[in-house]
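[1] Pasting the sequence and the predicted coordinates here, then a few questions.
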Amino acid sequence: MSIDFRNLNTLWGSILVETLARLGLKIGVVSPGSRSTPLTVALARHPQIKAIPILDERSAAFFALGLAKQLYQPVVLVCTSGTATANFYPAVIEAKESHVPLLILTADRPPELRHAHAGQTIDQVKLYGNYPNWQAEISCPSANIERLRYLRQTIIHGWLRCLDPVPGVVHLNLPFRDPLAPTPDLEIKNLEANFDQEAFFSHISRPNIPINHSILEIPSLPRQGIIIAGLASPQNPESYCQAIANLARSQQYPVLAEALSPLRNYAGLNPHLITTYDLLLRNPAIKTQLTPDVVLQIGELPTSKELRIWLEEIDCPRWIIDPHPDNYDPLQGKTGHLRGNIEQLGHLFPEKSDNNREYRELWQKFDQQARFKIDRLLAAETKLIEGKIPWLLSQYLPPRTPIFISNSMPVRYAEFFNPPSDRQIRPYFNRGANGIDGNLSTAIGMAYKNVPSLLLTGDLALLHDTNGFLIKKYFLGSLTIILINNKGGGIFQMLPIAKFDPPFEEFFATPQDIDFCQLCHTYGIDYHLISDWTDFQQKIAVLPESGLRLLEISCDRAFNTQWFLSNYV
């Protein structure tokens, strides 16, 4: 792209965007506003960057989060000054906690208009607190080569800090003086003759960030251990699963695989998978027999509360394998951290010379019994219940389907009931902060220019983000939304507060009387009400090639809770 010399602000914006393009930026998500005009114009006119306008800043930020999860590289977010910037905050928190690279560019008024009741002006410096990897305010635009170099190098540094030492958020605040529109300024135009664009950008290349995995010592492991494969969305799921399978074989350890890990969907690689651990650990006699001497935890712990309680009870040594510097032990146990990913470290553990089959086979025997019980119960259930939905999805979705699983009960039902398979389905999630905000917008970002994808969500989570449907105008791809409508917060139905009504139903379950068919009609979304399980299986077996589609499954919240407590707990 040629640098835009029409005026000072277009020069500044085009230098910034051309730097990002050479670093590898593919997509910029832009919310409308006046103060951000120089950034919007530069992104919109760059031939190598797809600029996508999204009206609602909160939705835009989660959409960018979903894109970054899919692309494994930074996505740029742009907004105008004032409260628009604050609407990015929930996604900033999620990106920080889940290590997703976002580069946030907030436009601002110049210093002389701050603290003077100028419109759309708030204090935006360090607006996002401690959540960004790095944050800075860029100086006001200036037309000399030294300041242009300063802008270029600051953008390079910001891009790198999105990726290294861990992926996360970078916030750059950019003040602009008028005129904001690309009106010609002959004084700036005269600079063009002396500007060598190729020389100015010649040193920029796309960074290849190595993962820091310095290890002092790989521990020697006892005979009786388990591997816990927690939340993970690796860029290459097959090599990730193969590395864990190799470690499991070398140590003869069973692998407890969370539903939000790809392992359950590459079951053919790993014959040692255990997927019913939540149910098994609810049985006091069984969990006593399964006590290990060591735990290898890969990534974050699974969602299961029963697993966490058990780990606290046994309090055995636990080694956490993950490249990030975070403390992934909320239980504060006897843990050591091995900084690196499993593909790099798994083969370094000494292979067992003796065979430890008895302990592993005990886990597998109990798992097979529990799996038989779960599958029999769910196969026989004709009523529309929540737990059967993820169970069927794991069996009938087309192979390699990306699926975003919303927070609250959907993620828990997936962990409880999803069986192992070889369908290579790719799970996505926002489990950094575990909020229900932005799930729809994140899923649309995940599905953008991707293979036909799916979102599993509850009614309250969907209603929390219906402005995500505004992305439809610019959406390229296919997303099927499975809506579990139980008219309220099903997760609270499982808690002790459910016995106290009032205030339970009004203040905790918070039912919303929404006609989702009408809601979809308003946004132009294809809608279907699922009548029975055969209807559901047929509609998920073949996903549309394009567009947004919503399949509503109406469930009785009280019956669902009763079924779960009677048959599972």
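    Received the coordinates, thanks.
[2] how much space between Ala44 and Leu67?
    The spacing between Ala44 and Leu67, counted by C-beta to C-beta, to the nearest Å, is 17 Å. All C-beta atoms are positioned from the backbone trio N, CA, C, and that covers glycine.
[3] For the longest helix seen in the chain, which helices and strands make contact with it?
    For the chain, the helix that runs over the most residues, judged by DSSP state H, is helix 357-380. Contact partners of helix 357-380 among helices and strands, from 3 or more C-beta pairs under 8 Å, 6 or more residues apart in numbering; DSSP states H and E: strand 273-274, helix 277-280, helix 388-396, helix 409-417.
[4] Next, the angle helix 357-380 makes with the last one.
    The directions of helix 409-417 and helix 357-380 differ by 120 degrees, with axes from the mean of the first three to the mean of the last three C-alpha atoms, to 10 degrees as the criterion.
[5] Show the contacting residues for Ser394.
    Arg264, Asn265, Asn418, Pro419, Ser421, Arg423, Ile425 (C-beta atoms under 8 Å, 6 or more residues apart in numbering).
[6] Neighbours of the closest residue to Asp315 other than its chain neighbours, how many?
    Computed as C-beta to C-beta, 6 or more residues apart in numbering, the closest residue to Asp315 that is not its neighbour in sequence is Gly333, at 5.8 Å. A count of nearby residues for Gly333, using other C-beta atoms under 10 Å, gives 16.
[7] Thought Arg318 was touching Gly333, still the case?
    Yes - contact between Gly333 and Arg318 holds when scored by C-beta atoms under 8 Å: they sit 5.6 Å apart.
[8] any idea which of the contacts of Ser394 is the one closest to Leu148?
    Of all the contacts of Ser394, the one with the least separation from Leu148 (C-beta to C-beta) is Ile425, at 47.5 Å.
[9] what's the closest non-adjacent residue to the closest one?
    With C-beta to C-beta, 6+ apart as the criterion, Ile425 has its nearest non-adjacent residue at 4.5 Å, and that residue is Asn265.
[10] Please name the residues that touch the one you found.
    Contacts for Asn265 were tallied using C-beta under 8 Å, 6+ apart; they are Pro237, Ser394, Pro420, Ser421, Asp422, Arg423, Gln424, Ile425, Arg426, Pro427.
[11] if I look at the second one, how far off is Glu198?
    Meaning Ser394. Taking C-beta to C-beta as the criterion, Ser394 is separated from Glu198 by 52 Å.
[12] now the last one
    As judged by C-beta to C-beta, Pro427 and Glu198 stand 44 Å apart.
[13] Same drill for those two, tell me which one is more crowded.
    Remark: of Pro427 and Glu198, Pro427 carries more neighbours, 25 against 6, as counted by other C-beta under 10 Å.
[14] Touching, that one and Tyr266? I think so.
    No - taking C-beta under 8 Å as the definition, Pro427 is not a contact partner of Tyr266, at 11.6 Å.
[15] With secondary structure, pLDDT and distance to Cys79 added, can I get the contacts of Ser394 in a markdown table?
    Formatted as a markdown table, the entries for the contacts of Ser394 read as follows, by DSSP: H, G, I helix; E, B strand; the rest coil; pLDDT from 0 to 100; distance: C-beta to C-beta, whole Å:
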| residue | secondary structure | pLDDT | distance to Cys79 |
| --- | --- | --- | --- |
| Arg264 | helix | 96 | 38 |
| Asn265 | helix | 97 | 37 |
| Asn418 | coil | 96 | 38 |
| Pro419 | coil | 96 | 43 |
| Ser421 | coil | 95 | 41 |
| Arg423 | coil | 96 | 39 |
| Ile425 | coil | 97 | 34 |
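[16] from those, which would you call buried?
    Arg264, Asn265, Asn418, Pro419, Ser421, Arg423, Ile425 (16 or more other C-beta atoms under 10 Å).
[17] Out of the residues you listed, which comes closest to Ile491?
    Of those, the one sitting nearest to Ile491 (C-beta to C-beta) turns out to be Asn418, at 17.8 Å.
[18] I figured the closest one was touching Lys388, is that so?
    No - the pair Asn418 and Lys388 does not pass the contact test of C-beta under 8 Å, sitting 11.3 Å apart.
[19] Out of the helices and strands packed on helix 357-380, which is closest to Leu551?
    Taking C-beta to C-beta as the criterion, helix 388-396 is the member of the helices and strands packed on helix 357-380 that comes nearest to Leu551, at 9.9 Å.
[20] Return the distance of that closest one from the chain's centre.
    Between the centre of helix 388-396 and the centre of its host chain there is 21 Å, according to C-alpha atoms, centre = their mean, to the nearest Å.
[21] That helix to helix 409-417, inter-axis angle?
    Using the same axes, to 10 degrees: helix 388-396 against helix 409-417 is 60 degrees.
[22] Mind listing what's buried along helix 388-396?
    Buried positions in helix 388-396, judged by neighbour count with 16+ other C-beta under 10 Å: Lys388, Ile389, Pro390, Trp391, Leu392, Leu393, Ser394, Tyr396.
[23] Quick check: phi and psi at Ile403.
    Note on Ile403: its backbone torsions stand at phi -130, psi 120 [degrees, to the nearest 10].
[24] what about the closest residue to it other than its chain neighbours, distance to Asn439?
    Leaving aside its sequence neighbours, Ile403 sits nearest to Leu454 (C-beta to C-beta, 6+ apart; 4.6 Å). Noted for Leu454: a distance of 13 Å to Asn439, by C-beta to C-beta.
[25] anything in contact with each of the two?
    With contacts defined as C-beta under 8 Å, 6+ apart, the residues adjacent to both Leu454 and Asn439 are Phe404.
[26] Tell me the predicted confidence for the nearest residue to Ile342 once chain neighbours are set aside.
    Once its chain neighbours are removed from consideration, Ile342 has its nearest residue in Ala243; the separation is 4.6 Å (C-beta to C-beta, 6+ apart). The pLDDT attached to Ala243 in the predicted structure is 96.
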